[in-house]
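got a predicted structure here, sequence first:
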Amino acid sequence: MLVLERGMRKTGGPGIIPFELAGNAERAQEILTAWGEQGRHWARWSLWLDFGYMLTYGTLALLLIERVRSRRGDPIALRLVPICAVAGDAVEGVALLKVLDGVNLDRNARHARAAALAKFVLLAVGLVYTVVGGVRPRS
């Protein structure tokens, strides 16, 4: 993924995370223009590879949360945290691929940003739960 990130940045544009968080047609178009064809190529590869990466980090997060959850006897619904994060990442990826294709930039940039923010929040919640729950026994 670092090679793809460097490819995007070599064009003078940002990496993939600012693209994920663009949030509107104007900012998305600025990024697409800065990237040009070469940067868009790198971004497209990054997004497609991210679909495989989602399964990896989603599975790892689910296993870590499940380990803490089962030891503490916490609700089974906690399993939804990484599942929803991966779902948000998938929505984000599809929306960004549409932005790269020039399809309804404003709507897809907004959807991508909302999904990315949800993903980041859910992953942070899962990480905090795993660290805190793994260190401190249930009272």
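All right, it came through fine. Since the structure is predicted, the reported quantities are computational estimates derived from the model, not experimental observations. Numbers count the residues shown, from 1 in each chain.

relative to Ala124, how far out is Gly133?
The gap separating Gly133 from Ala124 is 14 Å, by C-beta to C-beta, to the nearest Å. (Each C-beta comes from the backbone N, C-alpha and C, glycine too.)

so between the two, which is more surrounded?
When neighbours are counted by other C-beta atoms under 10 Å, Gly133 and Ala124 differ, and Gly133 comes out ahead with 19 against 12.

helix or strand: which one has the more buried one?
Here Gly133, judged by DSSP states H and E, is contained in helix 105-135.

list the buried residues of that helix.
Buried residues in helix 105-135, defined by neighbour count with 16 or more other C-beta atoms under 10 Å: 105, 108-113, 115-116, 118-120, 122-123, 125-126, 129-130, 133.

next: stretch 11-20.
For stretch 11-20, by 16+ other C-beta under 10 Å, it's Thr11, Gly13, Pro14, Gly15, Ile16, Phe19, Glu20.

could you find the closest non-adjacent residue to the fifth one?
If the residues on either side of it in the chain are set aside, Ile16 comes closest to Ser46, at 5.1 Å by C-beta to C-beta, 6 or more residues apart in numbering.

so what secondary structure elements neighbour the longest helix along the chain?
Identified as the longest helix of the chain according to DSSP state H is helix 25-72. Counting contacts by 3 or more C-beta pairs under 8 Å, 6 or more residues apart in numbering; DSSP states H and E, helix 25-72 packs against helix 2-10, helix 16-20, helix 80-100, helix 105-135.

export those helices as TSV, with columns for mean pLDDT and distance to Arg27.
Converted to TSV, those look like this (pLDDT from 0 to 100; distance: least, C-beta to C-beta, whole Å):
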stretch	mean pLDDT	distance to Arg27
helix 2-10	92	15
helix 16-20	96	8
helix 80-100	98	10
helix 105-135	96	7
